[in-house]
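Undergrad: predicted model and sequence below, questions to follow.
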Amino acid sequence: MTFPVLEGKVAIVTGAAMGMGEATARLFADAKAKVVIADFNEEKGKEVAESIKSNGGEAAFVKVDVSNSEQVQGMVKFSVDTYGKLDVAVNNAALTPDGKPAAEFDEDY
């Protein structure tokens, strides 16, 4: 299945070092999107980005803790600085340090 609507788009995928986030990032890359692999797991995130690139896709890794708003702002800046724009954000990362649902997360925790 192809998704021509994604071709040339720039997409951030958080939690992209493994699982559903990785699968989503690979799907976007297969659809010819430029993918920002965003995760706090630097080793695995870099591996995913390199794997996408070795298969002919475009990807870059950025280390980010999505529970930290400054790092999230840095992630967006990285995407725009790297690819010139941002079209899509897949907010897949789902781990909170206090164990509460993301909707109840207190950044000051």
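TA: Looks like it arrived, so ask away. In this text the structure is predicted, and so the values were computed from the model without any measurement.

Undergrad: the residue nearest the centre of the chain and Lys46, how far apart?
TA: Residue closest to the mean C-alpha point of the chain, counted by CA atoms, centre = their mean, is Val13 at 2.5 Å. Using CB to CB, to the nearest Å, Val13 is found at 14 Å from Lys46. In short, each C-beta sits where N, CA and C put it, glycine included.

Undergrad: before we move on, what SS does the nearest residue to Val90 once chain neighbours are set aside have?
TA: Leaving out its chain neighbours, the residue that sits closest to Val90 by CB to CB, 6 or more residues apart in numbering is Val13, at 4.4 Å. Under DSSP: H, G, I helix; E, B strand; the rest coil, Val13 falls in the strand class.

Undergrad: same thing with Met20?
TA: helix.

Undergrad: how about the contacts made by the residue nearest to it when sequence neighbours are not counted?
TA: Nearest residue to Met20 in three dimensions, chain neighbours excluded: Asn92, at 6.0 Å (CB to CB, 6+ apart). Counting by CB atoms under 8 Å, 6 or more residues apart in numbering, Asn92 touches Val13, Thr14, Gly15, Ala16, Met20, Gly21, Thr24.

Undergrad: check what pLDDT Val64 gets.
TA: Note for Val64: predicted pLDDT of 97.

Undergrad: can you give me the neighbour number for it?
TA: 25 (other CB atoms under 10 Å).

Undergrad: and what of the one 5 residues further on?
TA: Other residues within reach of Ser69, judged by other CB under 10 Å, total 10.

Undergrad: just to revisit the earlier point, pLDDT score for the residue nearest to the centre of the chain?
TA: Looking at Val13, the pLDDT reads 98.

Undergrad: please consider this matter closed, and thank you.
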